[in-house]
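[1] sequence? don't have it. structure:
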């Protein structure tokens with residue numbers, strides 16, 4: 001009974017707040033006003049009792065439930081793309097950063113900035129998946145160990 005009275009008073013208060021608005025805005029404004037009052041009431045309940053009131057479990061929408069089961073498709077970033085190149089033997093020959101970026105753009109349709117790829121290559125070199133030597137023109141060249 002107490003919950004019904006609290007709900008009724010919140011509904012009446014939200015309805016009173018949206019009365020002067022144009023009709024096409026009233027439904028959205030009512031939803032916002034009611035949600036704000038509900039959240040405020042939850043905060044009062046938390047502060048007075050020291051516990052948060054239990055929320056009723058809501059059924060998951062179909063798409064969200066499927067996403068939990070299947071998961072999102074994994075996207076490779078610069079590290080994943082570099083590992084694909086290493087696994088494919090691209091670094092059997094010495095390659096400069098510019099050559100790597102150009103190859104990624106042409107072959108894999110991936111565009112990375114020089115700084116993003118530079119950081120990634122340094123990390124991969126640190127894990128000894130690639131070796132780095134300075135070429136004759138002063139640029140670093142990367143090869144498989």
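    Thanks, I have it. No experiment lies behind these values; they were computed from the predicted model shown. Numbers count the residues shown, from 1 in each chain.

[2] Outline the domain layout of the chain.
    2-58, 78-143 (automatic domain parsing).

[3] want to try a markdown table for these, with mean pLDDT and mean neighbour count as columns?
    (C-beta placed from N, C-alpha, C; glycine too.) Formatted as a markdown table, the domains of the chain follow (pLDDT from 0 to 100; neighbours: other C-beta atoms under 10 Å):
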| stretch | mean pLDDT | mean neighbour count |
| --- | --- | --- |
| domain 2-58 | 68 | 11 |
| domain 78-143 | 91 | 14 |
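
[4] Show me where this structure has its helices.
    2-18, 23-49, 62-70, 78-87, 97-107, 114-126 (DSSP state H).

[5] Now tabulate these in JSON lines and tack on distance to residue 132.
    JSON lines is the format used below for these (distance: least, C-beta to C-beta, whole Å):
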{"stretch": "helix 2-18", "distance to residue 132": "64"}
{"stretch": "helix 23-49", "distance to residue 132": "55"}
{"stretch": "helix 62-70", "distance to residue 132": "39"}
{"stretch": "helix 78-87", "distance to residue 132": "13"}
{"stretch": "helix 97-107", "distance to residue 132": "10"}
{"stretch": "helix 114-126", "distance to residue 132": "5"}
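
[6] right, and residue 143 touches residue 95 too?
    Yes: using C-beta atoms under 8 Å, residue 143 is in contact with residue 95, at 7.4 Å.

[7] before we move on, the earlier item: and the helices of the chain: which comes nearest residue 136?
    Judged by C-beta to C-beta, the one of the helices of the chain that comes nearest to residue 136 is helix 97-107, at 14.9 Å.

[8] Who are the packing partners of that closest one?
    Packing partners of helix 97-107 (3 or more C-beta pairs under 8 Å, 6 or more residues apart in numbering; DSSP states H and E): helix 78-87, helix 114-126, strand 140-143.

[9] run the last query once more with 6 Å
    Identification of packing neighbours for helix 97-107 by 3 or more C-beta pairs under 6 Å, 6 or more residues apart in numbering; DSSP states H and E yields no helix or strand.
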